[in-house]
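> Provide a 3D model corresponding to the input given below.
(chains A, B, C and D)
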Number of protein chains: 2
Amino acid sequence: MKNREKRYKQIVHFVEEKILSGEYRVGDKIPSVNAWGIRFGLSRSSIFLAMDELKSRGLIEAEPSIGYYVSSCEVKIQEKVLLLFNEFTAFKEDLYNAFMAEIGDDATADILFHNYNRTIFETLLRNANGKYTTYVVMSGKFEGLQRTLANLNGHVILLDHFRPELKALYPSVGQDFEEDTYQALLTGAEQVKKYKTITLVQKEGFEPEERFSGIIRFCKEFGLCPQLLSTMKGHPVEKGHLYITATDRELVDILKKADAQKLAIGHDYGVISYNETPMKEILCGGITTLSTDFKQMGRTLAMLVKNKTMQTISNPCTLLQRNSL
Amino acid sequence: MKNREKRYKQIVHFVEEKILSGEYRVGDKIPSVNAWGIRFGLSRSSIFLAMDELKSRGLIEAEPSIGYYVSSCEVKIQEKVLLLFNEFTAFKEDLYNAFMAEIGDDATADILFHNYNRTIFETLLRNANGKYTTYVVMSGKFEGLQRTLANLNGHVILLDHFRPELKALYPSVGQDFEEDTYQALLTGAEQVKKYKTITLVQKEGFEPEERFSGIIRFCKEFGLCPQLLSTMKGHPVEKGHLYITATDRELVDILKKADAQKLAIGHDYGVISYNETPMKEILCGGITTLSTDFKQMGRTLAMLVKNKTMQTISNPCTLLQRNSL
DNA sequence: TCTAATTTGTGCGTATGTATG
DNA sequence: GCATACATACGCACAAATTAG
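Here you go, the predicted structure:
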């Protein structure tokens, strides 16, 4: 009883066999839920379990009021993964490539982007629901996220979760914003000590506050002064400040202001920017960046998808020291 | 097979269109239920769903045993627009905001991104089909695009179409790549004449070849030499060349190489970069950029959605002259 | 003029997958 | 695991009006 196969699995295998043998071909209609029920002596909901599994693996598609159709012959596909990311950057591509290389050939993955727009986020998940076995969600700080995720029919894995209350509910791999920021400052401590104040510039409610905790921790140890700004608008660049910026827009704002004020980067003021991009390598002789290792994140993610273990994993982060520090 | 518009809704929209276009006028008899059934290949009862909806909206009246008559022209269609863009950039946001401001209460709009991935493009359109009245598609150079677009159930408008064969089929607003490039060079001719060769760096098949035609035209008039490179990989930066780059990656590559070769930007070599971003304002003392006016594009697009006229509109383009030219 | 077949809209029953509890 | 409501789609029987012969 315990270890016996679930009864609905019979139907899954039955359909798999029919597809493999060529009896069911792409476009064919398969028996209706009621028909299966009579044939196998199972309740409607049990049949739905089987249909849902076949659907999520992409083998069949449902047409309401009509029936189910065979949509693929790829019986070997056991995992269909949806990657729902916030935005596309060169380094997200690294994550994607590392993930695909690691995940193996009995799995496929699609990737979509919500660009921090809640409506898009909801729309994409609603349309995708039921079509994948696993949903990997990089969400940002959306309110009431828990409800949306609970509606998903399949495994859910979080990337860069910002909400501690979700940690216990889903496996995840992400940045430990406090620890990463603290460790980065420690790595560059020799240079960081040149400055009197560390100013974090990031929009309230959009970026993780934990970063500031890391800065406070470092400042206490090294006798510096921590400061939090939601924007540089209306603020001049201060001599002796080390600015840590979350967005490229604020970074550019600082650099322009400093130039106008004739302040020398790396001496009069310093800059650390989150997230590496090619341009930062040469901007102002090099901007020091603080980035998580997206390739590693991709590999870890693939592991989580395959193992389905309930883990919260922190991704490693590195400081690229350049002229601006 | 899946995700097409609900079948009876097709008939509702069909009748709406006929009334709007003036083909059906008040008092006219419309085709019978049987006639619709034959035409659209669905059952009589499904047609009644459509007729019931039209009746409840007061557009038609039934006369038993006789038929249906048009009873009103007050068609109130709530426009729902899907914007399917290639990628999210700060300047696409300008387009979106300008569009939303101009379209006002006449429509609601969703925005999605395919990031130049054909599979994502197809998936998103397939899922969205039937849910919108208008589809605005910024596609890039996808092969066989015509087939995909033909499947869409609703109005289609193209943004930045690269395929001349589609011009006649759909209204569009986009860049005239040849003319824009030529005019930009003309605007900066005083500076451009400093160089002997104009080198366009852009990936074959991904970016519009028309840009090179514009460069050739300019070079002929001013006695310069045009050159086309698909990448800077393996090529040093040449003295006396003006480089025009499509992607920021190539731009960074040029700047790094030139720095290593100790060439002075704006003197030994020049750079014009497509698409303005905040960072280019300060990179190397300012990179000259060539950008289309995305806000204007948004306004024009809103006009096209409202008017549904069959037009091909060229969007204005401007050259921002900076240190790199 | 009559009759029977056809066409019309109407109404009800059934089947489908979906969603929610 | 079960129950229920829902939207969509198909089929059949019916009465009234029209049409063919």
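> after the helix or strand hosting A:R299, which helix or strand is next?
Per DSSP states H and E, A:R299 falls inside helix A:294-307. Next helix or strand after helix A:294-307 toward the C-terminus (DSSP H and E): strand A:312-314.
> could you list the paired strands of that following strand along with their orientation?
Using DSSP bridges, strand A:312-314 pairs in its sheet with strand A:172-174 (parallel).
> can you list contacts of the following helix or strand past the strand it pairs with?
Following strand A:172-174 in sequence order, the next helix or strand is helix A:177-187 (DSSP H and E). Applying CB atoms under 8 Å, 6 or more residues apart in numbering or on different chains, the external contacts of helix A:177-187 come out as A:192, A:198, A:208, A:210-211, A:213-215, A:217-218, A:244, A:272, A:290, A:292, A:314, A:317-319, A:321. All C-beta spots, glycine's among them, are computed from the backbone N, C-alpha and C.
> let's see 7 Å
A:192, A:208, A:210-211, A:213-215, A:217-218, A:290, A:292, A:317, A:319 (CB atoms under 7 Å, 6 or more residues apart in numbering or on different chains).
> picking that back up, mind listing what's buried in the helix holding A:R299?
Residues of helix A:294-307 classed as buried: A:294-306 (neighbour count, 16 or more other CB atoms under 10 Å in any protein chain shown).
> about what we covered before: now for the contacts of helix A:177-187, which pair is the farthest apart?
The most widely separated members of those, counting by CB to CB, are A:V192 and A:P208 (20.3 Å).
> so can I have TSV of the contacts of helix A:177-187 showing neighbour count, pLDDT and distance to B:E178?
Formatted as TSV, the contacts of helix A:177-187 follow (neighbours: other CB atoms under 10 Å in any protein chain shown; pLDDT from 0 to 100; distance: CB to CB, whole Å):
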residue	neighbour count	pLDDT	distance to B:E178
A:V192	21	96	52
A:P208	22	87	47
A:E210	18	91	51
A:R211	23	95	47
A:S213	16	96	54
A:G214	24	96	52
A:I215	24	97	51
A:R217	17	97	57
A:F218	20	97	55
A:L290	22	95	43
A:T292	24	92	43
A:C317	20	94	46
A:L319	19	96	46
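> so which helix or strand of chain A has the lowest pLDDT on average?
None of the helices or strands of chain A scores lower by mean pLDDT, DSSP states H and E than helix A:164-167, at a mean of 78.
> report all helices and strands that that one contacts.
Helices and strands touching helix A:164-167, by 3 or more CB pairs under 7 Å, 6 or more residues apart in numbering or on different chains; DSSP states H and E: there are none.
> flag every buried residue along it.
For helix A:164-167, a neighbour-count test (16+ other CB under 10 Å) marks A:L166 as buried.
> likewise stretch A:87-96?
In stretch A:87-96, counting by 16+ other CB under 10 Å, buried: A:F88, A:F91, A:K92, A:D94, A:L95, A:Y96.
> what is the nearest of these to DNA strand D?
A:F88 (34.4 Å; CB to the nearest atom of the strand).
> who in chain A is up against DNA strand D?
A:R7, A:Y8, A:L42, A:S43, A:S45, A:S46, A:P64, A:S65, A:I66 (CB under 7 Å from any atom of the strand).
> go with 10 Å
Proximity of chain A to DNA strand D, by CB under 10 Å from any atom of the strand, involves residues A:6-8, A:37, A:42-49, A:63-66.
> can you tell me how far the nearest residue to A:M100 once chain neighbours are set aside is from B:T148?
Nearest residue to A:M100, sequence neighbours excluded (CB to CB, 6 or more residues apart in numbering or on different chains): A:A109, at 6.4 Å. To B:T148, A:A109 is 22 Å away according to CB to CB, to the nearest Å.
> what do you get for A:C219?
A:C219 is 55 Å from B:T148, by CB to CB.
> one step back: mind checking the SS state of the residue nearest to A:M100?
Three-state assignment for A:A109 (DSSP: H, G, I helix; E, B strand; the rest coil): strand.
> would A:S72 count as being in a helix?
No - assignment of A:S72 by three-state DSSP gives coil, placing it outside any helix.
> so it makes contact with A:L59?
Yes - using CB atoms under 7 Å, A:S72 is in contact with A:L59, at 5.3 Å.
> is stretch A:119-133 positioned near DNA strand C?
Yes - under the criterion of CB under 10 Å from any atom of the strand, DNA strand C is reached by stretch A:119-133 at A:R126, A:N127, A:N129, A:G130, A:K131.
> can you tell me the closest non-neighbouring residue to A:S43?
Once flanking residues are discounted, A:S43 sits nearest to A:G37: 6.7 Å by CB to CB, 6+ apart.
> and stretch A:259-269, how far apart are its ends?
11 Å (CA to CA, to the nearest Å).
> also stretch A:240-256?
Stretch A:240-256: ends 17 Å apart by CA to CA.
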